[in-house]
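Peer 1: Curious how this folds, go ahead:
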Amino acid sequence: MRPPRTREQRRDDTLRRLEQDVDAWVATAGEGGTPSLAPFSFLWDGAALLFAMPASGPTARNLLASGKVRLGLGQTRDVVLIEGNAQAIPASEIPAETGFDPRELADPYLYFRIEPRRIQAWREVNELAGRDLMRDGAWLDP
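Peer 2: Below you'll find the predicted structure:
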């Protein structure tokens, strides 16, 4: 087992992952608490994650209803979990050069901007104690 990383190193690793990774697991809950988990691509703008998804899908419906989401990045032995608030943005308000542009598809898509409120990161059991990196939208001191 590798020695535990400092909070500062975990934060650096998490920011690198947000800048370089392109996919995340998106977990939401519907009415009655029915869970939904689906993979989506994202773009990190330095403060929030941007996702595009079918407007009629369960993930978009759940985000519109509650605005709450949990994201998972990475492998189980090097994971980043993000809890955040989602804001729907019509595709017409997103510049085409941003990336995936669903405007020419038959099904309507929505973009969601997800602002992290809590971020946790750990590799193994020896990093569980210090896994919180962000609380209430603010990075914790190293």
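Peer 1: so what's Gly133 closest to, chain neighbours aside?
Peer 2: No, residue 133 isn't Gly; it's Leu. Using CB to CB, 6 or more residues apart in numbering and skipping residues adjacent in sequence, the residue nearest Leu133 is Ile119, 4.6 Å away. For glycine as for every other residue, the C-beta is placed from the backbone atoms N, C-alpha and C.
Peer 1: Correction: the previous question concerned Leu63.
Peer 2: Distance criterion CB to CB, 6+ apart; nearest residue to Leu63, sequence neighbours excluded, is Ala86 at 4.4 Å.
Peer 1: Dihedrals phi and psi, that neighbour?
Peer 2: When read as degrees, to the nearest 10, the backbone of Ala86 gives phi -110, psi 140.
Peer 1: Make residue 1 into 584 and carry on from there
Peer 2: With the count now opening at 584, the last piece we talked about shows up as Ala669.
Peer 1: Is the residue nearest to Leu716 in a helix, a strand, or coil?
Peer 2: strand (DSSP: H, G, I helix; E, B strand; the rest coil).
Peer 1: ok, the helix or strand that contains Glu698: who's next to it in the sheet?
Peer 2: Glu698 is located in strand 692-705, with elements delineated by DSSP states H and E. Its sheet considered, strand 692-705 pairs with strand 632-637 (antiparallel), strand 661-673 (antiparallel), strand 715-718 (antiparallel) by DSSP bridges.
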